[in-house]
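1. Quick one, fold the following:
(one chain, ligands or ions: 2)
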Amino acid sequence: MILDEAAIRSLPKVLLHDHLDGGVRPATVLEIADEVGHELPVIGDERTAEGLARWFRESADSGSLVRYLETFVHTVGVMQTAPALRRVARESVLDLARDGVVYAESRYAPEQHLEGGLTLEQVVDEVNAGFREGEEQAAAEGHPIVVRALLTAMRHAAKSREIAELAVRYRDKGAAGFDIAGAEAGHPPSRHLDAFEYLRRENAHFTIHAGEAFGLPSIWEALQWCGADRLGHGVRIVDDIGFRGATVTDDPLAANQAAREDPSQLRLGRLAAFVRDTRVPLEMCPHSNVQTGAAPSIAAHPITLLARLRYRITLNTDNRLMSDTSMTREMHALVSEAGWELDDLRWVTTNAMKSAFLPFDERLELIEQTIKPAYAAAAYA
Ligand SMILES: O=c1[nH]cnc2c1ncn2[C@H]1C[C@H](O)[C@@H](CO)O1
Ligand SMILES: [Zn+2]
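-> Ligands and ions are numbered 1, 2, ... in the order given. Got it, this is the predicted structure:
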């Protein structure tokens, strides 16, 4: 099979790290902004969806996570009413399903959607209703998809315990887990220990954005203090992998080749070894990382090295709007720029399904009934 975009789109995909407020359709941002009177940035003479899409991508292309995050004021700003939340959630499910995603965990921070007077519960109810409508419509279109929410708390704020309790209250009503997001430097995960300890006592699942804009101490805290089940990004774990007297980041392409031909040239530090030994799932988002400066390019993104070293890698979009991406685009970029093959795509997809916050039997069913047969058929196509 030739792995062009159309072929990749037809493959089943699993997405664990996708922000609801990072994947709003540009046309929807424009329409709701007009309805509710939200002031959008000036994008030239013509106010078009294409122009706005370009504005998001170019503004996010900043080399800094903090500046990347500033663009969210214009998506969060149009997600403050019940109909808007429901619509954005429904459309995001349709967009994912049409891209071949069969299971997705979509995350957002309920505390950021209270400006129109909704309660936290109303926010979650509306988003859930939109997800269910999207699932129904996608199935009717012939693209069945299962979607669960992850409830995020913002790491600079002080609502993490409250949001963790919300996630537990909604655990059987569409919310599969919890996350913290936002600017990483200066906001260590251990500040939210109370929320994480509560979740662990409740046998609940959570992931933590760590090792994106800040390095090893953030990953270490997320795992060893907070007990995260997965890491959002985790890309900076390569700072703990030695290669020829330096770290792999000094010569990522040579390190990739060494990982393929002679992995004994790579030296894992204690934390890097722990992450691999305990099979911690890494939710990697290549295009987002290139935009925020966490990785130099797609070709030199640590995902390829970490995949060769058999870390539990998953592939994700992060923010489809800001990063102008989709699962198909992420996969296609790795195929065309980093030498990935069909087997690698099957492997990350299965890894992601194994790492989902869905009950084991449901994960297994998607692997056995949907993912394996489709990739087996593709291998002979
Ligand atoms: O890549 C990211 N790192 C940290 N925070 C992020 C990233 N992408 C989105 N966010 C933030 C901005 C959103 O408003 C929030 C909830 O989805 O999460
Ligand atoms: Zn993220």
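2. Pull out the buried residues from the helix or strand of the chain with the lowest mean pLDDT.
-> None of the helices or strands of the chain scores lower by mean pLDDT, DSSP states H and E than helix 65-70, at a mean of 90. By neighbour count on 16 or more other Cβ atoms under 10 Å, the buried set for helix 65-70 is 65, 68, 69. Where you see a C-beta, it was placed from the backbone N, CA and C, and this is true even at glycine.
3. after it comes which helix or strand?
-> helix 73-76 (DSSP states H and E).
4. Just the C-alphas of that following helix, formatted as PDB.
-> Output of helix 73-76 as PDB, limited to C-alpha atoms (Å, rounded to 0.1, in the frame of the first residue of the first chain):
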ATOM      1  CA  VAL A  73      -8.500  33.300  24.000                       C
ATOM      2  CA  HIS A  74     -10.300  33.300  20.600                       C
ATOM      3  CA  THR A  75     -11.600  29.700  20.900                       C
ATOM      4  CA  VAL A  76     -12.400  29.700  24.600                       C
END
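5. Can you mark which positions in it are buried?
-> 74, 75, 76.
6. For ligand 1, tell me which of those show up nearby.
-> residue 76 (Cβ under 6 Å from any ligand atom).
7. Identify, from the buried residues of helix 73-76, the entry nearest to residue 47.
-> Nearest to residue 47 out of the buried residues of helix 73-76 is residue 74 (Cβ to Cβ; 12.8 Å).
8. Give me the pLDDT value at that closest one.
-> Note for residue 74: predicted pLDDT of 97.
9. again, but for residue 185
-> Residue 185 is given a pLDDT of 87.
10. Can you tell me, leaving aside adjacent residues, what's nearest to residue 282?
-> In this structure, residue 282 finds its nearest non-sequential neighbour in residue 234, 4.1 Å apart by Cβ to Cβ, 6 or more residues apart in numbering.
11. Could you do residue 220 as well?
-> residue 271 (5.7 Å).
12. for the helix or strand where that neighbour lies, packing partners?
-> Element membership of residue 271, judged by DSSP H and E, is helix 270-277. With contacts taken as 3 or more Cβ pairs under 8 Å, 6 or more residues apart in numbering; DSSP states H and E, helix 270-277 sits against helix 216-220.
13. so what secondary structure elements neighbour the helix or strand following the helix it packs on?
-> Downstream of helix 216-220, the first helix or strand assigned by DSSP H and E is strand 230-233. When contacts are defined as 3+ Cβ pairs under 8 Å, 6+ apart, strand 230-233 sits against strand 206-210, strand 282-284.
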